[in-house]
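Enquirer: 3D model of this:
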Amino acid sequence: MSQEPEISGQLRVPFFRPSISEAEIEEVASCLRSGWLTTGPRAKQFEADFAQSVRARHAVAVNSCTAALHLAVEALGLKPGHVVLVPTMTFAATAEIVRYQGAVPLLVDCEPLTLNMDLDDAQCKLDQLLAGALPLPGGLKPVGIIPVHVGGVMMNMDAVRSFAQRHGLWVVEDAAHAFPAAYRSAADKPWRRCGENTAAVSCFSFYANKTITTGEGGMAVTDDAQLASRMRQMSLHGLSHDAWRRYSGNSAWDYRIVAAGYKYNLTDVAAALGNGQLRRAEEMRTQREAVARQYLQAFGSLDQLKLPPDLPDRIHSWHLFPIRLNLDKLSANRNQFMEALRCRGVGCSVHWRPLHLHPYYEEQFHWLPQHFPVATEQWSRLISLPLFPGMQREEVEYVVSVVRGICSQLAKSE
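Expert: Below you'll find the predicted structure:
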């Protein structure tokens, strides 16, 4: 397919645009005027309100979801010689925090409907590991599993917990895409929110393009007081007192370093934005859902596309709207389709290149594409379309028009 020139003056729709209200800008300004910029009362309030929103007992605010995941596995005692089940269809952070602790991520294929971790393949990979049939070091002990809710559609965490219990594994939930989201394991079961005792620790992201944002930021939630205490302590250099108590004048100045911790705390400036975003979280989720439903209706008749699932037993956060190209019905590949979108002013992305196709995991652990047949095939068809709260009607209609036009232009003749 020849490259098409960009058309000047056309509507341009970004892949993402943050929704920041004037009230939230004023909250940040108020924080700046207060003189308290680092971790303080606004971060504490953000923790309390977020814990309440997901019905968790404890929340620890940190500077990224990566930090939250790292603190979680450290608190659970992950160390060299251990292995953790991690989906290959995920971002770098899910597996790299396992490597931070000197442990080994055991990559698992995805199931084709949602692209979430396939528990049948997880069982297969564990059996192969114990049989010495995988390209991994011998003598590794399986200790944990880290599910990821791809795009915001939750896994059935009852099934994950049952799997983990059978194998003596802890569960840390990578919920970077899944706030606010929920699932139920059957029609007669109650809804359970992501983070509502769905794992030993659930970790959320507030990166700029997430469902709520602090610019950069994350949260670890748990019902275990000891895990919460350890994560909080390790989030600020392993100090015996956090900065707020030491500098507020309401506590002794002295402190002790009790462990070699990290610098992962969330600032009050970031939390000021987060507090406002949290109050609008469901409002913004419904705005995302409205856009997603327009896409689902507009693209439902296109043979060239496979659309993301809209499951009746899930409350979807709609962080992403990932379409999959039916390449046998198109005269172009995924990259050419994306270039056609770009030339028409429509932003897009890919979520994700699976971990086993990155040089680090190929070279360190000798993973091959055939170890993960579903992820290997699916990722080459993936494109994430623009989806964000505050997306204007003309923007949605333009994306729909452009996608339908490209599909018509590139459709293979029968």
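
Enquirer: Skipping its backbone neighbours, what lies nearest residue 51 in space?
Expert: residue 59 (3.9 Å; C-beta to C-beta, 6 or more residues apart in numbering). Any C-beta I mention is one placed from the backbone N, CA and C, and that applies to glycine too.

Enquirer: Strands of the stretch 251-400 of the chain, start to end?
Expert: Counting by DSSP state E, counting those that start in this stretch, the stretch 251-400 of the chain has strands at residues 305-306, 314-315, 321-325, 382-385.

Enquirer: Between those, which one is closest to residue 348.
Expert: Minimum separation from residue 348 across the strands of the stretch 251-400 of the chain (C-beta to C-beta) falls at strand 382-385, 5.4 Å.

Enquirer: Would you mind pulling up the elements that the closest one packs against?
Expert: In terms of contacts (3 or more C-beta pairs under 8 Å, 6 or more residues apart in numbering; DSSP states H and E), strand 382-385 is packed against strand 321-325, helix 334-343.

Enquirer: where do the helices sit along the chain?
Expert: Along the chain, the stretches classed as helices by DSSP state H are 22-34, 41-54, 65-75, 92-100, 119-130, 157-167, 225-234, 243-247, 268-279, 281-299, 334-343, 359-365, 373-379, 393-410.

Enquirer: Need the ones you listed in a markdown table (columns: distance to residue 216).
Expert: Formatted as a markdown table, the helices of the chain follow (distance: least, C-beta to C-beta, whole Å):
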| stretch | distance to residue 216 |
| --- | --- |
| helix 22-34 | 14 |
| helix 41-54 | 13 |
| helix 65-75 | 10 |
| helix 92-100 | 13 |
| helix 119-130 | 31 |
| helix 157-167 | 27 |
| helix 225-234 | 18 |
| helix 243-247 | 18 |
| helix 268-279 | 7 |
| helix 281-299 | 18 |
| helix 334-343 | 27 |
| helix 359-365 | 23 |
| helix 373-379 | 26 |
| helix 393-410 | 26 |
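
Enquirer: Return the most buried member of the ones you listed.
Expert: Comparing these by mean neighbour count (mean count of other C-beta atoms under 10 Å), helix 65-75 ranks first with a mean of 27.

Enquirer: hmm, who's touching that helix?
Expert: Helix 65-75 has contacts (C-beta atoms under 8 Å, 6 or more residues apart in numbering) with 60, 62, 84, 93-94, 96-98, 100-101, 103, 144, 146, 172, 174, 176, 200-201, 203-207, 218-220, 222, 227, 230-231, 234-235, 262, 264.

Enquirer: Which among these count as buried?
Expert: 60, 62, 84, 93-94, 96-98, 101, 103, 144, 146, 172, 174, 176, 200-201, 203-206, 218-220, 222, 227, 230-231, 234-235, 262, 264 (16 or more other C-beta atoms under 10 Å).

Enquirer: Including mean pLDDT, could the strands of the stretch 251-400 of the chain go into JSON lines?
Expert: As requested, the strands of the stretch 251-400 of the chain are arranged in JSON lines below (pLDDT from 0 to 100):
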{"stretch": "strand 305-306", "mean pLDDT": "98"}
{"stretch": "strand 314-315", "mean pLDDT": "98"}
{"stretch": "strand 321-325", "mean pLDDT": "98"}
{"stretch": "strand 382-385", "mean pLDDT": "98"}
